[in-house]
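Visitor: Please find the sequence and the predicted model below.
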Amino acid sequence: MTRTVNSVPETSFAEYEDLKSILDAGSRRMTIEIVGEVHAEGRRFAVHVATLGSTDPLAPTIGLFAGIHGLERIGTQLVLDYMRVLLCRLEWDELLYTQLQRIRFVFMPIVNPGGMWAMRRSNPNGVDLMRNAPHNAEGRVPFLAGGQRIGPWLPWYRGRGGAPMELEAALMLRVVEEQLLSRPLSFALDCHSGYGFRDSLWFPYAKSTRHIEHLPEMFALKGMLEGAHPHHRYLFEPQSLQYLSHGDLWDYAYDRARAPAIFLPLTLELGSWLWIRKNPLQVLKREGIFNPVKAHRTERVLRRHTDLLDFLARAAYAAPGWLPQGAERQQTMTRAIEHWYRRRH
């Protein structure tokens, strides 16, 4: 007889069952694909990807990713909640229906199902997927946290040098390449938790203090977010302003994009230290370091970030009206460098 935990069979976990339920309910509107299968202590988990919206290969596309770190369940819950909301709204929201005729969503809510089932940051092989790309940082990284090859018994293990990337990382990058990098314009939002007292929106590079080619587009996006949501609490900046790290998957994906395509990857880092400050005892639970444990705080997180996801969809839809061009783009580049780089030195 299979034991159950919180009404979910022990051989599965709540977010995985929730995803399957959403995919089943949305099968009439979504295109659903199993892109791979991962194994964890004799259990097998499919890695699901769902798409929604325009089938035009030129349509701007927004990829929503989560669950790269198995302990950070709140990111997966945020993407799942948004998927459910979109399906519900499509029953009555004509404006959303019109919007989805011109843009496309790609959902990959549980990149690392084996790690999420096992309640560990790494995948079942002990590898931190966000340190698993083959490149090294171009400067000094924090000890251990920037990625290490000592062994999987320590956190932030990158995997063996020269070894192929882990299956989960390779699957995600394949989805990014096929579904996002093939488009003239694409966005990615990867949902994490566990750093700081503020929610942050980070973009590449994590490997270098050099700026990315699409810094003007990021700066324009930041300005639009501040104008549309003037009371938002995101710290919007390059990850390198916080710390450098080896093997960042979004650095690797960004460098694989080819002009004239514009690829704008963002990492949403939910500041879990705020939840811990309000409820210090939750650090006694492993999941409490990375997730709100009280129901009302979880609900607040899910409510707070829906506007961000809607904003990205609207930005994709309206891209011709705001993407900087020509002399304006060069002026925006100058302002962006001044804002994010020169004033820090």
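Guide: That came in fine, so what should we check first? Numbers count the residues shown, from 1 in each chain.

Visitor: can you give me how far stretch 121-132 is from the chain middle?
Guide: In terms of Cα atoms, centre = their mean, to the nearest Å, the centre of stretch 121-132 is set 15 Å apart from its chain centre.

Visitor: Now do the helices in the chain.
Guide: 14-25, 73-89, 94-99, 113-118, 167-179, 215-228, 249-256, 272-278, 295-304, 306-317, 319-322, 326-340 (DSSP state H).

Visitor: deepest of those, which one?
Guide: With neighbours defined as mean count of other Cβ atoms under 10 Å, these peak in mean count at helix 113-118, which reaches a mean of 24. Where you see a C-beta, it was placed from the backbone N, CA and C, and this is true even at glycine.

Visitor: in the stretch 51-200 of the chain, which spans are strands?
Guide: Assignment of strands within the stretch 51-200 of the chain using DSSP state E, counting those that start in this stretch yields the ranges 61-66, 104-108, 185-193, 200-203.

Visitor: okay if I get the ones you listed as TSV plus mean pLDDT?
Guide: What follows is those, written out as TSV (pLDDT from 0 to 100):
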stretch	mean pLDDT
strand 61-66	98
strand 104-108	98
strand 185-193	97
strand 200-203	98
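
Visitor: which stretch among the ones you listed comes nearest residue 145?
Guide: Nearest to residue 145 among these is strand 185-193 (13.6 Å), distances taken as Cβ to Cβ.

Visitor: for residue 179, what are its contacts?
Guide: Remark: with contacts taken as Cβ atoms under 8 Å, 6 or more residues apart in numbering, residue 179 is in contact with 49, 51, 61, 63, 106, 186.

Visitor: And the pLDDT for the closest residue to residue 26 other than its chain neighbours?
Guide: For residue 26, ignoring the flanking residues on the chain, the nearest one in space by Cβ to Cβ, 6 or more residues apart in numbering is residue 87 at 4.8 Å. On pLDDT, residue 87 comes in at 98.

Visitor: swap in residue 6?
Guide: According to the model's per-residue confidence, residue 6 sits at a pLDDT of 50.
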